[in-house]
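Trainee: Give me coordinates for this.
(3 chains)
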Amino acid sequence: MSKQLLTKVGMVVLLFVVVPAVLMAFDRGYFYQIATIAAVFVLLAASLHLVTGVAGLLHLGHAAFYGIGAYVAALLGSELEIGFTLGLPAAGLAAAFVAFLVALPTMRLISIYFAVATLAIGQMLYLIFLNWVSVTKGPNGVLLFSGIDFFGFDIESEIGIYYVVTAIMALSVVVLYRLTNSYYGNALRSLREDDQCAAAMGINVTVLKMQAFVISAFFAGLAGALWAYTTGYISPNDFNFSQSILVLAMVVVGGLGSLPGAVIGALLLILLPEVLRDVGDTRNIFVGLVMFGAILFLPKGLFGEVSALRFARRILGSGWSGSADNREVGWE
Amino acid sequence: MTALLELDGLTRHFGGLTAVDEVTTHVGQGELVGLIGPNGAGKTTLFNLISGFTRPSSGAVRFKGEEITGLPPHQVAHRGMSRTFQNLRVFPNMTVFDNISVGALGALGVGAFQSVIGGRKRSHEISERSWEMLERVGLNEQANDLAANLSYGKRKYLEIARALAMEPDLLILDEPAAGMNHSETAELSQFITELNSEGLTIMLVEHDMSLVMGICERVVVLASGRKIADDTPVEVRQNQAVLDAYLGGDDE
Amino acid sequence: MLDPYYLQQLTIGLSLGMIYALMAIGFTLIFGVLNVVNFAHGEIYTIGAFAGLLMIATFGPPLLAVLLVVMAVGALAGFGLERLAFKPFRRFSDEASMKSRAMREATLMSSLAMSIVARESLELIFGSQFQSVDLSYLINKQIQLGPVTIVNGDLIIFAVALVMFLGLQWLLKYSTIGLSIRAVSNNPLGARYCGINTDRTIILTFVIGSVMGALAGILVGLYYGAIYPSMGFTPGIKAFVAMVMGGLSSIPGAVISAMILGITESMATSVVSSVWADMVAYAFLLITLVFFPQGLFGARRERV
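Mentor: Alright, predicted model coming up:
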């Protein structure tokens, strides 16, 4: 019990005390930027984890839903002066709504057909970002000057922005964690394993896939809003196919089906290229190589699902099985 | 005896082939019915028609007096029918416990929202039921192992336990003894009889004659998609049509 | 006034369609033998274009020699791609695991990773902008045919594509290589039992497909004078769309679909702004996947 509590407290301390302390000690704008970008991508990877890692749907257009969130937040903020407090949920809901619309016809597709359909959807949305100039400003992108207004508080300091972004990211990851490390998560996993068999167990395969897809898009939308507010400028290329692949690589490298894996993968693919910055602009080659290496040598990823599940059970303990009684067999 | 499952002129064509041809039969509450037939007789197709995986070309399926023809598999399952598959389909990359929990949660239902906030009562029910089934088939020691790592025989029991975790009114077993040796088959038939004696209605397809003849109260025989016999094992054994089908019809 | 314009668009559409068809054949052949999607096929196209560019810049040989070198480079690239991104995942040789879903998804991602590495390496070496091509090599000399103006590129693309299509048909129908490719497509295990070297056949399939892809790349590069590292992405997707529309493993189906796609696209630009032309392909793809899961020509499709 104390161990669970310790891990939870440790995570909170790390995110909200240690990292900010380090950032303040160095006090360079660049470091704050990296930290918030990492937080945004952790959230993105965690949201893709739900649909690709757990439900097993290979999604090649995730960045487009992230883009919808970013555009909704940025356009609401810059054109209509609707700030962060409303813009954030609006971004998530808009992404989820579009996901719902495109999911209606495509959810029955399986395996690579689904992957290709999501690729096409992602590209169509990208073309809209790029070419619907009257709304999205086209290739010029959208500038967003306003800071984060958080229920009336104007947050403009870099450390303040870090806190807001990280808090939203942490809260979302906790929600995603509970979704996947639960019986609901087991239902999603059964789709990945054998959807016909899951149907025989009374699971409505299409509806469940759709839920995973829509929930995932919601969180991608939130990540988009965070991105728009932290960088202050978005353009279509932030949401193109290679961004989708970057997020996919994070999930694959960390280990498909493992949430800690997705988080580690995101940190790795954001932070390592920064360390390697001196080598030149090799970031994307690096992404490709790491992804290839992971598929070939670590088919279960850095932090594979099974070990992740053990980890989850240790942390959640009785929370998972829902019964605190003496069913200790095997839940060590 | 009230009929739990009624099949009425059930027919399915695949292109020019009639896989199941006007099959009419019923399964009474509490019965243990065997379905046999030579290769290609349409047994698995018949099971798929009953459980909603294949739509019938014509005819009707009634379950508990309600017409379920053409319903999708998950809705058929919700009405209390649970099945296993011919070629052993467990969820390989999930633990034994999680496999079984899918059966329980499929029947009880689980929502995204509940899993985030609250829902303790429901998850309590699911875990209770899953543990019960694990103990029932003696897999509680391996609850945390990956299903893929279980032996073949244990995976068979896992698949049955998963189906049982739905607490069905009718259990459909598709070749449960396939790939099992003699003593394993004997153990399995004991288990099936036990389930039946507790009041569970069971329908099973099997190649292993000794299993079917040994435990079923009634045997339905299919040949070339048609029902050619529907009687007690003793009678079926002496039925001329059945003997012909088995002796002369193995080439189908 | 109307007619010549549309005829001209039709010519452009036909050329575009031929290019897509050349690429779609590669996709289709590979999908046929392995049931996998080769996501790096677009990069083969780019590599072909760059190989031609380098040839032109360093030696300046006649066009035919450029095309032959590009074919050779394409063959080599296809071979390397197969060894790197596909072979390592073929650990089991029975049909079930050779064409399993896990295989399919692992190789989809490995070829995707390879394509990133190839594209980004090219970008690192050459930069992401358009490369300058020796103007005398561009195949855009205008030819007046009555009221219609076409360019010599249209003729060259048509000729090359025709040679390739006929050559492929001959290869598949009458040669042992073609026979083994068809055998492996139908039943890899059976082919193996008949003494066919499946591994070699798979390599050959990649080589043939990549030769065509590389040729398409250099032809487009010289047609538009636009050679750049990310040039392969969009044609790759279009060719994939053609494959899906054609029913996945039917070569004639893919070729006809590629033509339809090319013509529709060039006609679409006369109705809407050309920036939206790519939407046509994506829309075709989604419509095919959702409403014609067997392809437009009703080929068989297994549940995957």
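Trainee: CA only for contacts and neighbour counts going forward, please
Mentor: Will do.
Trainee: For residue B:175, grab the count of nearby residues.
Mentor: 20 (other C-alpha atoms under 10 Å in any protein chain shown).
Trainee: can you pull the pLDDT of it?
Mentor: On pLDDT, residue B:175 comes in at 85.
Trainee: Tell me how far the closest residue to it other than its chain neighbours lies from residue B:179.
Mentor: The shortest distance from residue B:175 to any non-neighbouring residue, by C-alpha to C-alpha, 6 or more residues apart in numbering or on different chains, is to residue B:206 (4.6 Å). According to C-alpha to C-alpha, to the nearest Å, residue B:206 stands 11 Å off from residue B:179.
Trainee: hang on, the earlier thing: pull up the per-residue confidence for the residue nearest to residue B:175.
Mentor: 82.
Trainee: Same drill for residue B:206 and residue B:179, tell me which one is more crowded.
Mentor: residue B:206 (21 against 13).
Trainee: didn't that one look like it was pressed against residue B:177?
Mentor: Yes: here residue B:206 reaches residue B:177: they are 7.2 Å apart, a contact under C-alpha atoms under 8 Å.
Trainee: picking up where we left off before, and the residue nearest to residue B:175, what does it touch?
Mentor: B:34-36, B:174-178, B:212 (C-alpha atoms under 8 Å, 6 or more residues apart in numbering or on different chains).
Trainee: Which of those residues ranks first by neighbour count?
Mentor: Most surrounded of the contacts of residue B:206: other C-alpha under 10 Å gives residue B:176, at 28 neighbours.
Trainee: from memory that one sits against residue B:156, does it?
Mentor: Yes: the pair residue B:176 and residue B:156 passes the contact test of C-alpha under 8 Å, sitting 7.1 Å apart.
Trainee: And the strands in the stretch 101-250 of chain C?
Mentor: Secondary structure of the stretch 101-250 of chain C (DSSP state E, counting those that start in this stretch): strands at C:142-145, C:148-151.
Trainee: confidence score at residue A:213?
Mentor: Residue A:213 is given a pLDDT of 93.
Trainee: Give me the neighbour count for the closest residue to it other than its chain neighbours.
Mentor: Using C-alpha to C-alpha, 6+ apart and skipping the chain neighbours, the partner closest in space to residue A:213 is residue A:51 (5.8 Å). Residues lying near residue A:51 (other C-alpha under 10 Å) number 27.
Trainee: List the contacts of residue A:51.
Mentor: By C-alpha under 8 Å, 6+ apart, the residues touching residue A:51 are A:57-59, A:209, A:212-213, A:216.
Trainee: give me that answer again for 6 Å
Mentor: A:57, A:212-213 (C-alpha atoms under 6 Å, 6 or more residues apart in numbering or on different chains).
Trainee: got it, and residue C:232?
Mentor: Contact analysis of residue C:232 by C-alpha under 6 Å, 6+ apart lists C:42-43, C:45-46.
Trainee: So what's the residue count around the nearest residue to it once chain neighbours are set aside?
Mentor: Closest residue in space to residue C:232, ignoring its immediate chain neighbours: residue C:42 at 4.2 Å, by C-alpha to C-alpha, 6+ apart. By other C-alpha under 10 Å, 29 other residues sit near residue C:42.
Trainee: give me the residue from the stretch 51-200 of chain A nearest chain C.
Mentor: The nearest approach of the stretch 51-200 of chain A to chain C comes at residue A:120, 5.3 Å away (C-alpha to the nearest C-alpha).
Trainee: isn't that residue right up against residue C:281?
Mentor: No: judged on C-alpha atoms under 6 Å, residue A:120 makes no contact with residue C:281 at a distance of 8.7 Å.
Trainee: Stretch C:181-198: how far from the chain's middle?
Mentor: Centroid displacement of stretch C:181-198 relative to its chain, using C-alpha atoms, centre = their mean, to the nearest Å, is 24 Å.
Trainee: Can you give me the end-to-end span of it?
Mentor: 8 Å.
Trainee: what are the phi and psi values for residue 82?
Mentor: As the question left the chain open, I've gone with chain A. phi -100, psi 120 (degrees, to the nearest 10).
Trainee: my question was about chain B
Mentor: Main-chain torsions, residue B:82, degrees, to the nearest 10: phi -130, psi 140.
Trainee: any idea which element the residue nearest to it when sequence neighbours are not counted lies in?
Mentor: Distances taken as C-alpha to C-alpha, 6+ apart place residue B:171 nearest to residue B:82, at 5.0 Å, with adjacent residues excluded. Assigned by DSSP states H and E, residue B:171 belongs to strand B:170-174.
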